[in-house]
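based on what follows, work out the 3D shape:
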Amino acid sequence: MALRNSAPQYVGTADQAAEAVTGLVLDIKEKLEAECGLRPTEVVVGGSIGHRTALPWKFDADIVIYSEDIVAEEVEKSGYDRWLGKIHHFMQKDQDISECYQLQNITAHGLQFIYEGVDMNLLLSPHWTRPGDYFKYLSSISPSLRFRFSASAAKWQVQFFKQQSSQSKDLCCDLIKRAKAWRDHTWPRGSGGTGRPSSYLVSLLVAKAFENSQKKMGLFSTMYPDTLALKTTEELKYMLLNHKTIDVYWEHYYSLSQYQSMVPSSVPRVIDPANPSNNLYDTGIGYYCANEKSSDFEQGDGDWTAFKKKIHTADLTKPIEHWL
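Take a look at the predicted model:
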């Protein structure tokens, strides 16, 4: 059983946030079956904590519970309502969790809450052993229903960013953090506005800009991090200024030819490396109300006008603190 102090604690660093998330995940694994009748087959932590792209002053986590008790065909018909109320009741009453648990919203896909000062989403998914099983199922259902299974991609999204970090000696993740800091400075949550890119979209664009810059600089590019940051900035701006012809994708877990019925056949497109049905050119950007939480599991509107207009202020050579 994960231990908790008697009074709520609020984290101050990304390491403390990760520790808080780990403790909650342990409690969920130990207690969820007895309390809710839901057996966690696997629990994956995504979001900035799981992707290792948390900012020093802002961190969030997506806790995705995979379970064989969640039947995909049932989710098609009725979503996750069967489980979400039970899980909220459990977390609200559990003595180890309740004092630090502050529910914000129950959506069609999960719980949004603050836990020890960390913004969290708790999301549910059927259990998929292999990514191909997940993709095959998505291709078999109506496009209007695929969005219900967005959270299922979380474990391969986490693996993708681990690979990016390992291959670049953490430089890519560092530049993603800088880009996210610029995003938060440019679109303050408290103001509301249009064209705010999701954290996930920003992360993928920087990852592709970084990858393209490395190819141009050659084998020893990571030995020149300042130059690489400058070149990645230039590449990112080029992509944004020409966004109507943008074509971003990876084929780590699937090839585009395998899932032609799901992947847009023409540009613009920014395809999720862990979900071929998710084109972030549409889903990763949109209008947000003042103080509204931007969720990577909510659909966007595909309007890049403001993003293109503001990208000239981005500078990935600047440290994160520059955007405070």
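
please report how far the nearest residue to Gln157 once chain neighbours are set aside lies from Ser191.
Spatial nearest neighbour of Gln157, chain neighbours left out: Ala274 (4.5 Å); criterion: C-beta to C-beta, 6 or more residues apart in numbering. Using the backbone N, CA and C atoms, a C-beta is placed for each residue, glycine as well. The gap separating Ala274 from Ser191 is 31 Å, by C-beta to C-beta, to the nearest Å.

so for the two, which residue has more residues nearby?
Ala274 (25 against 11; other C-beta atoms under 10 Å).

what sits against the more buried one?
By C-beta atoms under 8 Å, 6 or more residues apart in numbering, Ala274 lies in contact with 131, 153-157, 159-160, 253.

and Leu103, by the same measure?
88, 92, 111-113.

which strand or helix spans it?
strand 101-106 (DSSP states H and E).

mind listing what's buried along the next helix or strand after that strand?
Per DSSP H and E, the first helix or strand lying C-terminal to strand 101-106 is strand 110-115. Within strand 110-115, the residues that count as buried by 16 or more other C-beta atoms under 10 Å are 110-113, 115.

relative orientation of strand 110-115 and strand 101-106 in degrees?
150 degrees (axes from the mean of the first three to the mean of the last three C-alpha atoms, to 10 degrees).

and strand 110-115, what does it pack against?
The contact analysis (3 or more C-beta pairs under 8 Å, 6 or more residues apart in numbering; DSSP states H and E) places strand 110-115 against helix 14-36, helix 81-93, strand 101-106, strand 118-126.

partner strands of it and their direction?
Partners of strand 110-115 in the sheet, by DSSP bridges, are strand 101-106 (antiparallel), strand 118-126 (antiparallel).

coming back round to it: quick check: mean pLDDT of the strand holding Leu103?
Taken as a whole, strand 101-106 carries a mean pLDDT of 95.

now that strand - C-alpha only, CSV.
Output of strand 101-106 as CSV, limited to C-alpha atoms (Å, rounded to 0.1, in the frame of the first residue of the first chain):
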residue,chain,number,x,y,z
TYR,A,101,-7.9,14.2,-4.7
GLN,A,102,-9.9,17.1,-6.1
LEU,A,103,-12.2,16.2,-8.9
GLN,A,104,-12.5,18.8,-11.7
ASN,A,105,-14.7,17.1,-14.2
ILE,A,106,-16.1,13.8,-15.4
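
go through that strand and flag the buried ones.
Going by neighbour count (16+ other C-beta under 10 Å), the buried part of strand 101-106 is 101, 106.

ok, stretch 163-176 next?
Buried residues in stretch 163-176 (16+ other C-beta under 10 Å): 164-165, 168, 171-176.

quick one: contacts of that stretch?
51-53, 161, 202-203, 206-207, 210, 214, 222, 225, 228-229, 232, 252, 316.

how far does it stretch from one end to the other?
This stretch, stretch 163-176, spans 14 Å end to end (C-alpha to C-alpha, to the nearest Å).

which stretches of this protein form strands?
42-46, 60-67, 101-106, 110-115, 118-126, 193-197, 247-248, 269-272, 275-279, 285-288 (DSSP state E).

for these, which one sits closest to Gly23?
With C-beta to C-beta as the measure, strand 110-115 is the member of the strands of the chain nearest Gly23 (9.3 Å).

hmm, who's touching the closest one?
Contact with strand 110-115 is made by 20-21, 24, 80, 84, 87-88, 91, 97, 100-106, 119-124, 151, 293, 295, 297, as judged by C-beta under 8 Å, 6+ apart.

out of these, which end up buried?
20-21, 24, 80, 84, 87-88, 91, 97, 100-101, 106, 119-124, 151, 295, 297.

re earlier: show me the contacts of stretch 163-176 that map onto helices.
Judged by DSSP state H, these include 51, 161, 202-203, 206-207, 210, 214, 225, 228-229, 232 as members of helices.

mind checking which of these are buried?
Applying 16+ other C-beta under 10 Å to the ones in helices among the contacts of stretch 163-176 flags 51, 161, 202-203, 206-207, 210, 214, 228-229, 232 as buried.

distance of His89 relative to Ala61?
21 Å.

swap in Gly117?
As judged by C-beta to C-beta, Gly117 and Ala61 stand 12 Å apart.

what residues go with each domain of the protein?
Structural domains annotated on the chain: 14-127, 168-323, as defined by automatic domain parsing.

end-to-end on the first one?
Using C-alpha to C-alpha, one end of domain 14-127 lies 29 Å from the other.

start the count at 14, not 1, going forward
Renumbered: residue one is now 14, and that last one reads domain 27-140.

alright, calling it a day.
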